[in-house]
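# starting from these lines, generate the structure:
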Amino acid sequence: MRRPLVLGTAVGIVAALLVWYFAAFSPQSHHVQALHDQVSSLQAKQSSLEGRLAALKRAQQQQPQRQQVLSSLTQAIPPTADIAGFIDQVNSLASSTGVTLGSLAPSLPTATPGESYLTITVSAQITGTYAQTVSFLQGLYSLPRLVVVDAITIGGAGSNPSPSQALSTTLKMRIFTTAAPSSALK
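A predicted model of the protein is given here:
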């Protein structure tokens, strides 16, 4: 008699365990696995976001240097033609280097094909000694505005020049602006 009771109890316990396993444990283990997968995914996203945050913090620390570079580039290629300002700079340079500025003739700004800036060609005539002329040319490249010297023609040296002899120099240059063509003359 005891055997059927023990056997029945054992079958009942196994049946109860099977019901518990399929009804409670198995769905929960799938749920737990899904949660583990979700945690792994979120940890990967967190690592990625922490990397992006670190990069943004580095960029923020570099912002003052980038702003300084942008400021110097804005001076080198200004948003307006500012031809009067350029003429003042060249006049000051001529005075400081000792050359005589005979003429300075800027053209109207013209569009540069395929570029976002305008080009202003400038012709200049200066007179000075060799040292003064070289000093003036070096000064052009030191101006805050970008100046490209395309051609230099030197005359008056003769066959036996002396260091103090005046040279007549003609320069063909270009300066630039980012102004829109219609507003470049302002």
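
# once you drop chain neighbours, what's closest to Ser107?
Thr121 (4.5 Å; CB to CB, 6 or more residues apart in numbering). Using the backbone N, CA and C atoms, a C-beta is placed for each residue, glycine as well.

# correct me, but the one you found touches Arg174?
Yes: using CB atoms under 8 Å, Thr121 is in contact with Arg174, at 5.6 Å.

# what about the residue nearest to Ser107, neighbour count?
When neighbours are counted by other CB atoms under 10 Å, Thr121 registers 16.

# so it belongs to a strand, correct?
Yes: per DSSP: H, G, I helix; E, B strand; the rest coil, Thr121 lies within a strand segment.

# tell me the spacing between it and Gly12.
103 Å (CB to CB, to the nearest Å).

# could you pull out the strands for this protein?
In the chain, the strands defined using DSSP state E lie at 100-106, 110-111, 118-128, 148-155, 167-177.

# lowest-confidence stretch among these?
Note on the strands of the chain: strand 110-111 shows the lowest mean pLDDT, a mean of 90.

# now the chain, which segments are flagged as low pLDDT?
1-2, 20, 22, 24-31, 70, 157-161, 181-186 (pLDDT under 70).
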